[in-house]
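# kindly generate the corresponding structure for this input.
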Amino acid sequence: MFSWTAAVPATLTAVHPVLPSQNVAVSIDFYVERIGFRLLGRDSESDTRYAVVARDSVELHIQWHDPDEWSAVERPMLRLLVSSTEQLFDEFSGASVFHAGTALRETPWGTREFAFYDPYKNGLTFYEDL
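Numbers count the residues shown, from 1 in each chain. You can find the predicted model right below:
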């Protein structure tokens with residue numbers, strides 16, 4: 001008898017979050033031009049509704065959502081593990097991406113981190129374990 005049960009359990013290997021956007025071209029510009037991601041692909045050059053960007057081993061998908069329905073769209077807060085928060089903080093400090101509350105800080109739970117939002121209020125926290 002055939003069984004779908006494998007001898008070795010399946011392994012999770014990556015997660016690729018899908019971030020909502022009211023204008024995918026604006027989001028592409030933010031991720032590529034301001035914080036160093038590269039564009040891997042998009043569904044259309046003229047009316048982009050879906051795109052994929054990546055930096056190092058992090059891949060993010062960006063999907064258009066109707067502005068008329070925007071209030072019902074939940075925005076995620078992503079936590080991205082990095083090798084050096086200090087270097088990344090310095091890199092981003094000149095990119096006009098920080099908000100008034102952005103600061104490099106050490107947390108009670110043993111991380112050094114900083115956070116800001118993309119143009120559509122998707123939260124990005126960059127952290128390293130201490």
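# now do the strands in the protein.
Listed from the start of the chain, the chain has strands (DSSP state E) covering 18-21, 38-42, 50-55, 58-64, 77-81, 105-106, 111-117, 123-129.
# name the helices or strands packed onto the fourth one?
Of the remaining helices and strands, those touching strand 58-64 by 3 or more CB pairs under 8 Å, 6 or more residues apart in numbering; DSSP states H and E are strand 18-21, helix 24-29, strand 50-55. Yep, even glycine has a C-beta here, placed from its N, CA and C like the rest.
# the lengthiest helix in the chain to strand 123-129, inter-axis angle?
Scanning the chain for the longest helix, with DSSP state H as the assignment, gives helix 85-93. Orientation of helix 85-93 against strand 123-129 (axes from the mean of the first three to the mean of the last three CA atoms, to 10 degrees) gives an angle of 150 degrees.
# is it possible to export the helices and strands packed on strand 58-64 to TSV including mean neighbour count, mean pLDDT and distance to Thr85?
Output for the helices and strands packed on strand 58-64, formatted as TSV (neighbours: other CB atoms under 10 Å; pLDDT from 0 to 100; distance: least, CB to CB, whole Å):
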stretch	mean neighbour count	mean pLDDT	distance to Thr85
strand 18-21	20	98	21
helix 24-29	18	98	23
strand 50-55	18	98	15
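# now Arg49: closest residue in space that isn't a chain neighbour?
Trp64 (4.0 Å; CB to CB, 6 or more residues apart in numbering).
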